[in-house]
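**Q** Provided below for reference: sequence and predicted model.
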Amino acid sequence: TISINASASAICSGSNVTFTSSVTNEGGAPLYDWQVNGFSVGTGTSYSSSALSNGDVVTCNLTSSETCVTSSTVGSNPVTMVVTSPQTVSISIASDIGTTICDGDAVLLTATPTNGGSAPVYEWFLNGSSVGSGTTLSSSSFSDGDNVYCTLVSSDTCVVSPNATSNTINFTVLDAAIADFTYVDNSLTVDFTNASTNATTYYWDFGDGNT
């Protein structure tokens, strides 16, 4: 008899797999014929390949050199391979309130991975310096011109590369001009002038919930 085992039956494309045989009554000079999909590919007690495709069936025929056997040639059990093509790892980040914000606004940045695996590793960077980990980054102290990106290390085993870098978010931070005043006569017209810098859009807030 002969039976075969594979070091792995579900692999990533290009991975090496070793098949080993277990035999009984093979005699002192047995012959092994390893086959993939019915075609001979090797001899010996084991067979290795890194060129297997999805659905390939590996078997081995044993010809015993014993003189007193019921059948001198027997076939092994088949091993059907599951081969997956390497996946591309990527990551994108987004701000919950956009990229043009007011000074002091609370911002929540969220990372969305593709093929990150079950235990991905994230690292956030602000102006090139590491500032945090995890799927989110929150801050209320962004400055005008700050840029943020995130890196991902995937835990998937079948990927083109486990490392990926997100898009970069560049923040435009608008100055907030605050005017304190007291109504003397509610029939008066009061003119406010915004003297802030580095701003192209202005939002006026009169404390009534509307801007």
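**A** Sure, I can see it. Remember, predicted model here, so these are calculated numbers, not experimental data. Numbering: from 1, shown residues only.

**Q** paired strands for the host helix or strand of L137, with orientation please.
**A** Secondary-structure element containing L137, defined by DSSP states H and E: strand 136-139. Sheet pairing of strand 136-139 (DSSP bridges) gives strand 107-114 (antiparallel).

**Q** got the buried residues for the helix or strand just after the partner strand?
**A** Scanning forward in sequence from strand 107-114 by DSSP H and E, the next helix or strand is strand 121-126. Buried positions in strand 121-126, judged by neighbour count with 16 or more other C-beta atoms under 10 Å: 122, 124-126. Every C-beta, even on glycine, is put in place using the N, C-alpha and C of the backbone.

**Q** any regions of this structure where pLDDT drops low?
**A** The model of the chain has pLDDT under 70 over residues 176-185, 195-199, 207, 209, 211.

**Q** hmm, who's touching the strand holding L137?
**A** Residues outside strand 136-139 that contact it (C-beta atoms under 8 Å, 6 or more residues apart in numbering) are 106-111, 124, 131, 148, 150.

**Q** what of stretch 151-158?
**A** 11-13, 84-87, 89-91, 111, 113, 115-123, 125, 162-166.

**Q** go on, stretch 49-62?
**A** So stretch 49-62 is contacted by 1-2, 4, 6, 11, 13-17, 19, 21, 23, 26, 30-38, 41, 47, 73-84 (C-beta under 8 Å, 6+ apart).

**Q** against P30, how distant is V69?
**A** Using C-beta to C-beta, to the nearest Å, V69 is found at 11 Å from P30.

**Q** what about these two, which has more around it?
**A** Legend: neighbour count by other C-beta atoms under 10 Å for V69 and P30, higher for P30 (17 against 13).

**Q** residue contacts, the nearest residue in space to S65 that is not next to it in sequence?
**A** Excluding its sequence neighbours, the residue lying closest to S65 (C-beta to C-beta, 6 or more residues apart in numbering) is G27, at 3.1 Å. Listed by C-beta under 8 Å, 6+ apart, the contact set of G27 reads 64-67.
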